[in-house]
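In: Sharing a model that was predicted from the sequence below.
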Amino acid sequence: EGNKKMKKDYLKLAWKNLRKRKLRSWLTIIGIVISIAVIFTLISLSLGLREAINEQFQILGTDKLFISPRGMAGGPGSGGAVEFTTADVKTIENVPGVKDISYVAIGNAKVEFDKKIKYFIVIGLPLDKIKLYIDSASIKMDEGNYLRGEDSGKIMLGYDYKYNNVFNNPVKTGDKMKINDQEFKIIGIAEAIGNPSDDKNIYISIDDFKKLFNSGERVDSIIVQVSEKDKIKEISDRINQKLIKSRGVTEKTKDFYISTPEELLASFDQVLNIITAFLVGVATISLLVGAIGIANTMYTSVLERTKEIGTMKAVGAKNSDILYIFLSESGLLGLIGGTIGVTLGFLISKTVEIIAITSLNTNLLKAAVPGYLVVGCLIFAFLIGTLSGTIPAIGASKLKPVDALHYE
């Protein structure tokens, strides 16, 4: 019981000492605050980004494959070295396990509206197969309708045309717009997809696309829906073999690639891991700086209070008591810094999320704040504090009372 009370007294004493040396305590705490806030923000945003990307893949569905030619180096529609044609679509369509297939042709066009001219991406879609594309790109309508089978001379626009001042005035359904000097009627505007380039897309029928771009049978990307999710790898291999044969290439000279949602997710994960590791590295350096700050404060504190330590020892304080008082102080410094750091980190990551949604129109930058992150950061800050204070505290506890009392 007495022991418990003593420990409580030490904490009170530690708190009193820290308050006595306000400025130095705060300067030390700031080091920890900054590093914990940085670590918290970085981890929170990268966890949020992971969740958001996973959500996107859930929407995509795990039953779709994306196939593109390797010749897209110059960007889609630039007539790279390698091109797909509708013949490739036919080849894939006949592979067992392929339930549905759609494709897109992509071009960059001169777009005129409201007496202003800009350049945007135009996506040509086969209207009899538009549903698969709409599902895979998870396009929902904000107003108007999707393009249908007989919609020649009509277009569907991304969200930004209505809401983000792409032209002087917001564009609405029923308006006319010129693409490569041809007039089209707008029949629908999509909801936000969440990234600026997709939200500026213009969707058009493949027949109109061929007239505008004189693209013939060119295809830039193929979307395949498989009949059985769990056989996606097998079906992907079959498509691979069939295309190799029909295109007259070998596994080595293959001029196309097939991506499955799993592969896309894995490559995203890899990139995220590298970024996270880099950012955590940066934050660790700032933590080191914070830790050195605490050690420094504790060292000066030991020197300043050498006499006080002598008095305590003279009245019977044990080495362990002195050690405990000093460790309580440095642990408290760490904990206070950690608490403020976590609060600050939370505010920063939420602010980033709000800015991303309002200014960048992207839902990908979300702040994830799982409990383990908060607790982890606090424990971490406390440990950094305690560890930084260990050497000075051991030094303090080993002082001989006689020397300490003579110290001036």
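Out: Everything's here; your move.
In: And the helices in this structure, which stretches?
Out: Ranges of helices within the chain are 2-20, 22-60, 86-93, 130-136, 160-163, 206-213, 232-247, 261-304, 306-314, 319-358, 371-397, 401-406, based on DSSP state H.
In: Export the third one to CSV, keeping only CA atoms.
Out: Taking Å, rounded to 0.1, in the frame of the first residue of the first chain, the C-alpha atoms of helix 86-93 are listed here in CSV:
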residue,chain,number,x,y,z
THR,A,86,-11.9,-6.0,-83.3
ALA,A,87,-10.4,-9.2,-84.7
ASP,A,88,-8.7,-9.7,-81.3
VAL,A,89,-12.0,-9.1,-79.6
LYS,A,90,-13.6,-11.9,-81.7
THR,A,91,-10.7,-14.2,-80.8
ILE,A,92,-11.2,-13.6,-77.0
GLU,A,93,-14.9,-13.8,-77.3
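In: in the protein, which residue is closest to the centre?
Out: L49 (2.9 Å; C-alpha atoms, centre = their mean).
In: Pull up the pairing partners for the lengthiest strand in the chain, direction included.
Out: Looking across the chain with DSSP state E, the single longest strand is strand 98-113. Paired neighbours of strand 98-113 in the sheet (DSSP bridges): strand 116-125 (antiparallel), strand 176-179 (antiparallel), strand 221-226 (antiparallel).
In: Flag every buried residue along that strand.
Out: 98, 100-107, 109, 111-113 (16 or more other C-beta atoms under 10 Å). C-betas here are computed from N, CA, C, even on glycine.
In: Can you lay out those residues as a markdown table showing distance to L132 and pLDDT?
Out: Putting the buried residues of strand 98-113 into a markdown table (distance: C-beta to C-beta, whole Å; pLDDT from 0 to 100) gives the following:
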| residue | distance to L132 | pLDDT |
| --- | --- | --- |
| V98 | 11 | 83 |
| D100 | 5 | 87 |
| I101 | 7 | 87 |
| S102 | 4 | 88 |
| Y103 | 9 | 89 |
| V104 | 11 | 89 |
| A105 | 15 | 90 |
| I106 | 16 | 90 |
| G107 | 20 | 89 |
| A109 | 24 | 89 |
| V111 | 26 | 89 |
| E112 | 31 | 89 |
| F113 | 29 | 87 |
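In: State the pLDDT value of K110.
Out: On pLDDT, K110 comes in at 90.
In: Residue numbering should commence at 381 henceforth.
Out: With the count now opening at 381, the last piece we talked about shows up as K490.
In: beta partners for it?
Out: Counting by DSSP bridges, the residues bridging with K490 are Y499.
In: contacting residues around it?
Out: K490 makes contacts with 497-499, 559-561, as judged by C-beta atoms under 8 Å, 6 or more residues apart in numbering.
In: Where neighbours are concerned, which of those has the most?
Out: I559 (22 neighbours; other C-beta atoms under 10 Å).
In: Next, the buried residues of stretch 498-510.
Out: Of the residues in stretch 498-510, 500-507, 509-510 count as buried by neighbour count, 16+ other C-beta under 10 Å.
In: Those residues: which two are farthest apart?
Out: The distance between the two most remote of these (C-beta to C-beta) is 23.0 Å, for F500 and K509.
In: if we can go back for a sec, which single one of the buried residues of strand 478-493 is nearest to A694?
Out: Using C-beta to C-beta, those come closest to A694 at I486, 84.2 Å.
In: Am I right that the closest one is in contact with S595?
Out: No - if you go by C-beta atoms under 8 Å, I486 and S595 don't touch, sitting 9.5 Å apart.
In: Let me see the backbone angles for A517.
Out: Note on A517: its backbone torsions stand at phi -100, psi 0 [degrees, to the nearest 10].
In: neighbours around it, how many?
Out: Counted with other C-beta under 10 Å, the neighbours of A517 add up to 17.
In: isn't it right up against I573?
Out: Yes - here A517 reaches I573: they are 7.1 Å apart, a contact under C-beta under 8 Å.
In: if we can go back for a sec, can you add distance to I567 and mean pLDDT and give the helices of the chain back as a markdown table?
Out: Rendered in a markdown table, the data for the helices of the chain read as follows (distance: least, C-beta to C-beta, whole Å; pLDDT from 0 to 100):
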| stretch | distance to I567 | mean pLDDT |
| --- | --- | --- |
| helix 382-400 | 68 | 67 |
| helix 402-440 | 24 | 77 |
| helix 466-473 | 25 | 83 |
| helix 510-516 | 13 | 84 |
| helix 540-543 | 13 | 82 |
| helix 586-593 | 13 | 89 |
| helix 612-627 | 34 | 84 |
| helix 641-684 | 31 | 74 |
| helix 686-694 | 82 | 73 |
| helix 699-738 | 28 | 84 |
| helix 751-777 | 46 | 81 |
| helix 781-786 | 87 | 64 |
